[in-house]
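Novice: Mind folding the following:
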Amino acid sequence: MTEDFIISTRKQFAYYKLLGDKTFAQLPDEALFWQYNAESNSIAIIVKHLWGNMLSRWTDFLTTDGEKEWRQREVEFDNSIQSRAELLDKWEAGWQCLFTTLETLNPATWGATIYIRNQGHSVTEAINRQLAHYPYHVGQIVFLGKMAQDSQWVSLSIPRGTSQDYNANKFAQPKQQVHFTDEYLLGKP
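Specialist: You can find the predicted model right below:
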C-alpha cells in the first residue's frame, strides 16, 4: 500500500459521493421516497443502508470489527426517513465518517488486519470491499433518479449524442497526466 493508493481511494469515494449529490439536487422530494414496488428500495432506503454500513465499517476502523454490535442492518431497509433534510444528514454523516478515517491512515497503519464479521482483511482489501459496495448502491441511486426525472434528467457524465465531440476535444489536447483531478470530481470524466 502506498500514499498514492490512499489518495486515489479518497478521490474515487469523493467521485461517487458527488454522483449522489448531483442526483439529489435534480430530484423533487417525493422522488427520494418513491419505490417501484414493495420489494424495491427507494433512494431514501439506499441512503439509510449506506449510512449504517459506513458508520459500522469506518468507526474505529483499525481497532474493532467492521460489523458493529450496535448496527441494526435490517432496520436500514425500513422506510423511516421522513424528509430530504434527514436523508442528507445521514448521507453526509456516513461519508464524513469514511473520509475522516481515511485521513488517519498512514504507513504505520497499513499493515493492520481489519476484521469484518470476524474475517480478516488487509487494509487494502477492507477499503476495496467498500469501494466496490458503495458505487453499486450509488449506481442504484442514479438509476432511480434518472427514472424519476425521465426527460428532465441532466446527465452526470457525457450526455447522449455528444461522445464524438467530447472525444474529439479531448484528443485535440496534449496528453496529460490526469488522475482523478478536480475536473474529474466535478463530473467531467
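
Novice: any low-confidence regions in the protein?
Specialist: Counting by pLDDT under 70, the chain shows low-confidence ranges at 1, 178-189.

Novice: hey, where'd the strands end up in it?
Specialist: All strands of the chain, identified by DSSP state E, fall at 113-116, 119-122.

Novice: for the ones you listed, which one ends up most surrounded?
Specialist: Comparing the strands of the chain by mean neighbour count (mean count of other C-beta atoms under 10 Å), strand 113-116 ranks first with a mean of 16. In short, each C-beta sits where N, CA and C put it, glycine included.

Novice: what sits up against that one?
Specialist: 57, 61-62, 64-67, 120-123, 125-126, 129 (C-beta atoms under 8 Å, 6 or more residues apart in numbering).

Novice: Can you dump the C-alpha atoms of that strand in CSV for me?
Specialist: These are the backbone C-alpha positions of strand 113-116, laid out as CSV (Å, rounded to 0.1, in the frame of the first residue of the first chain):
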residue,chain,number,x,y,z
THR,A,113,-5.6,-6.6,9.9
ILE,A,114,-9.2,-5.3,9.6
TYR,A,115,-12.0,-7.6,10.7
ILE,A,116,-15.4,-7.6,9.1
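
Novice: so what strands line up beside that strand?
Specialist: strand 119-122 (antiparallel) (DSSP bridges).

Novice: re earlier: and of the strands of the chain, who's closest to P107?
Specialist: Nearest to P107, of all the strands of the chain, is strand 119-122, at 13.9 Å by C-beta to C-beta.

Novice: Report the distance from the closest one to the chain centre.
Specialist: How far strand 119-122 lies from its chain's middle: 22 Å, per C-alpha atoms, centre = their mean, to the nearest Å.

Novice: what packs against the lengthiest helix in the chain?
Specialist: In the chain, assigned by DSSP state H, the helix with the most residues is helix 123-149. When contacts are defined as 3 or more C-beta pairs under 8 Å, 6 or more residues apart in numbering; DSSP states H and E, helix 123-149 sits against helix 3-26, helix 29-32, helix 43-58, strand 113-116.

Novice: Next, the angle helix 123-149 makes with the first one.
Specialist: The one in question is helix 3-26. With axes from the mean of the first three to the mean of the last three C-alpha atoms, to 10 degrees defining the directions, helix 3-26 sits at 20 degrees from helix 123-149.

Novice: Check which helices and strands helix 3-26 is in contact with.
Specialist: helix 43-58, helix 84-104, helix 123-149, helix 182-185.
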